[in-house]
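A.B. asks: what's the 3D shape of this:
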Amino acid sequence: MTAPTPPVDPARVHALIVGIEEYEAGDAWRLPGPARDAVRFRRLLRDAGVPGSQLRLHLAPSPSYDPQVPYEPADQATLRRVLVRELSLAEGDVLWVWWGGHGVLDRAGRLRLFCADAGVADKVGIDLDSALARYSGDAVPGLREQMWIVDACETFEEDLAFREALPADALPVGRPGHAHRQTVLRAAGRGRAAANDPVRATGLVSDVLLGLLADRAAVLPAPPDPEELFPAVRERIAALREEGRTLQHPEIRLQGPDRTETLPPAGPPAPPRPLTAMLRAVEALLAYPLMHDPDERQTVVAALNPRVTAVLRRHNKPRTDVVNILGGLARRSPEALWDLFDAVVSLDDDPALKEELSAAIDELAPTSPPRRDRR
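C.D. replies: Next up is the predicted model:
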């Protein structure tokens, strides 16, 4: 007979609870609901006996909402300090992380969670993947049982056409270990938006989860069994999809000493992302063997206008160097991309490679007349 799971001591439970409705980016980023959902979640853990001092509540509420409980700011410096310097060293057994707000999948496929001081020109945030890596290694000696709940969009960065690149937001990570057990519920699903109910001011998945957790109050503050919880989440979100209220497909990832698995969503996956113009051009250039040789790459660059190439950032790794070359030429002089084409094909005139490179540059430099005569 399996021994019953020992009860969790509320005094050894910690939580980071984040709800961001207002951003420095302005009204276009306003998101009614996350602060309210965060306060509801805090109440659940408080009612389960977790000391208020161990419930770190960080909010950026909208002007129309008064949380009526003490809270700390939700800017990047504050949240980074909590994650790196404070919570990492907390003495306890269980960690809850609740995050509601805006997010995006960056070009490397990592989920960035924007902080309250994210602006149009500086979209600061927390790299969720690095946070999970930190909290699964020796940088966090305690907090062996963890439940992370993230209600944020996972729209592709490329689809949002940001004018400024996302800054590096990764947290420091220690040595990996096998002592921690993480359950991570991501509400949106890869490539999808997380829907809010603007009338009731709540995230759709957050509202579902809060209801399900309230039904399991007898279990709290221990995390509920994810394989019992997740089917209920999927069932309720599927009903919302049928009503046309969302396209979300939440997923849960389980990672621990004896298991690493993502429980798949009940529904079709997000459609495959088409190659961006930049990625297509990068792949087209790297298809040339000569672009993997530093001397031959330099021969190609030396054939271009020196007033343009003088400001290019260079790198010894072929892929990074090609990205820098294409990006620099596209920003400074799209026509210079065709000079690059000429330089490359003068060294290697393979017909198939030439055809693809020409098509890729046509796509990358739409403001320049297509040079189809060069195919």
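A.B. asks: Show me the strands in the protein, by range?
C.D. replies: With DSSP state E as the criterion, the chain has strands at 13-20, 55-60, 94-100, 103-105, 111-114, 125-127, 145-151, 181-186, 196-197, 202-203, 251-256, 259-263.
A.B. asks: Could you name the helices and strands sitting against the third one?
C.D. replies: Applying 3 or more CB pairs under 8 Å, 6 or more residues apart in numbering; DSSP states H and E, one finds that strand 94-100 contacts strand 13-20, helix 34-47, strand 145-151. (C-beta placed from N, C-alpha, C; glycine too.)
A.B. asks: wait, doesn't residue 49 sit right on residue 217?
C.D. replies: No: judged on CB atoms under 8 Å, residue 49 makes no contact with residue 217 at a distance of 10.9 Å.
A.B. asks: what's the overlap in contacts for these two?
C.D. replies: Taking CB atoms under 8 Å, 6 or more residues apart in numbering as the contact rule, residue 49 and residue 217 have no neighbour in common.
A.B. asks: Using the record's assignment, carve the chain into domains.
C.D. replies: 10-263, 277-374 (automatic domain parsing).
A.B. asks: Which of the strands of the chain has the lowest mean pLDDT?
C.D. replies: With a mean of 71, strand 259-263 has the lowest mean pLDDT of the strands of the chain.
A.B. asks: What about the nearest residue to residue 180 once chain neighbours are set aside, how many residues nearby?
C.D. replies: Among residues not flanking residue 180 along the chain, residue 136 sits closest, at 4.7 Å (CB to CB, 6 or more residues apart in numbering). Other residues within reach of residue 136, judged by other CB atoms under 10 Å, total 22.
A.B. asks: Let me see the backbone angles for residue 136.
C.D. replies: Phi and psi for residue 136, reported as degrees, to the nearest 10, are phi -110, psi 0.
A.B. asks: my guess is it meets residue 175, correct?
C.D. replies: No: when contacts are counted by CB under 8 Å, residue 136 is not listed as touching residue 175 (10.4 Å).
A.B. asks: ok now do the closest residue in space to residue 186 that isn't next to it in sequence, which residues does it touch?
C.D. replies: Counting by CB to CB, 6+ apart, residue 150 is the residue found nearest to residue 186 once chain neighbours are left out, at 5.1 Å. Neighbouring residues of residue 150 by CB under 8 Å, 6+ apart: 97, 99, 103, 111, 113, 128, 184, 185, 186, 187.
A.B. asks: Just want the most central residue of the chain.
C.D. replies: Ranked by distance to the mean C-alpha position of the chain (CA atoms, centre = their mean), the top residue is residue 111 at 0.9 Å.
A.B. asks: What about the nearest residue to that one once chain neighbours are set aside, how many residues nearby?
C.D. replies: Here the nearest residue to residue 111 in space, its sequence neighbours aside, is residue 128; by CB to CB, 6+ apart that works out to 4.3 Å. By other CB under 10 Å, 23 other residues sit near residue 128.
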